[in-house]
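Asker: Provide a 3D model corresponding to the input given below.
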Amino acid sequence: MNDEKEFIKNTKPRSGLLIWAIIIVSSCIILEFLAYRHLQETKNDPAILSDISKEGEYTCIDVDYMTDYFASREGKKKIYFLFDLNYIYAVNLNKNAEKRLQKILDYSYDPFAVEKPDTVKVCGTTRLIDPKLKELAIDSYNEIFDKEFLDRDNFEDYLTSYYIDTDSEIDANFLYQSLLLTFFSLIGLSLLYTYFKNAKTLKETLNLHSHEMEKIKSEAVSSETLYYKKSKLYLTKDYIINLAHGFEIYKYEDIVWVYPYELRQNGYVTNKFIYVVTKDSKVHPISTLTTNKKNNAKYDEIYRALLIKVPNALEGYTEDNAEKAKDRYKKV
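Answerer: This next block holds a predicted model:
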């Protein structure tokens, strides 16, 4: 005899699904808020470059003058000398920063310029100046200003040990976190949608079969009923009770067509389905199992048991059966 408590449990909305959906969505919202607040706090209080002692720190400078780029990294990053009124900085400028600084670059190389452009704030994260870049910076600076001023001994007094990368790491990290949290939020929303969809299906099914629920319950818990827990499927004396998509009940007398279906990926069968088509021409998946030796045997068992229950139904998916099924549908 089948477990009556389990059957009754299956006739109620699965609150666990709702709880997990709420936990996932609410957690993602909270984490997104905290990540955004941290981003804003960091941007509102950037570190001073001279105080920085590690990579990945967010900092800003106010640019008054600049040189053209003196080095490139990774085939696309261009390193410039930027100046405020007191210090020199080595800075990698992305396309947006280059555009914002174009007037200052033009002014810095125009001996006849009269009006100085407004100061431009440039921000980014720190990167360690490696030995090769240091040598390029020393040679380029001395060449640009035509004097042997910068060397290995005084380098860190003027440019520190870091250059600024305007492809801000904190922005990239926030974007990555945001995309990850959005992904998990979508999973949570999907669970939420599934819960309400299944709850709606359950309610509609109970209303539709309210006049015969005692009979359905009696058959469900009968020792003659076949219950496939993994497939969430009951095959009773007179009904299919399908729990895979909420709670659905089909009478054997209403089934006109049964056929299997295999989902393939890269040439391999990954999932097996059993579909039944009812007199109203609706197609219902009643068993979905991933492919492995044990599941394949269970799938074959379910399919054979179902065919015994519906001896008059069309069996297998063929064009001929598709045409014959049309004659068996209820005419609306």
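
Asker: which other helices and strands does the longest helix seen in the chain contact?
Answerer: Longest helix in the chain, counting residues (DSSP state H): helix 169-208. Judged by 3 or more CB pairs under 8 Å, 6 or more residues apart in numbering; DSSP states H and E, the packing partners of helix 169-208 are helix 15-44, strand 248-251. Backbone N, C-alpha and C define where each C-beta goes, glycine included.

Asker: which of the ones you listed sits most buried?
Answerer: strand 248-251 (a mean of 18; mean count of other CB atoms under 10 Å).

Asker: circling back to that earlier point, go through the helices and strands packed on helix 169-208 and name the closest to residue 217.
Answerer: strand 248-251 (11.0 Å; CB to CB).

Asker: ok, and what's touching the closest one?
Answerer: 201, 205, 208-209, 216, 238-242, 276, 278, 284, 286 (CB atoms under 8 Å, 6 or more residues apart in numbering).

Asker: mind checking which of those are buried?
Answerer: Neighbour-count burial (16 or more other CB atoms under 10 Å) applied to the contacts of strand 248-251 gives 201, 205, 209, 216, 239-242, 276, 278, 284, 286.

Asker: so which of those belong to strands?
Answerer: Among these, the members falling in strands (DSSP state E) are 239-242, 276, 278, 284, 286.

Asker: widest-spaced pair of those residues?
Answerer: With distances taken as CB to CB, the most widely separated pair in these is 241 and 278, at 14.2 Å.

Asker: just name the closest of the ones in strands among the buried ones among the contacts of strand 248-251 to residue 113, please.
Answerer: residue 284 (77.3 Å).

Asker: surely that closest one meets residue 275?
Answerer: Yes. With contact defined as CB atoms under 8 Å, residue 284 reaches residue 275; the gap is 6.7 Å.

Asker: where does pLDDT dip in the chain?
Answerer: 1-4, 13, 73-76, 331-332 (pLDDT under 70).

Asker: residue 203: neighbour count?
Answerer: 13 (other CB atoms under 10 Å).

Asker: taking the centroid of the chain, which residue is nearest it?
Answerer: residue 183 (2.6 Å; CA atoms, centre = their mean).

Asker: that concludes my questions; thank you for your assistance.
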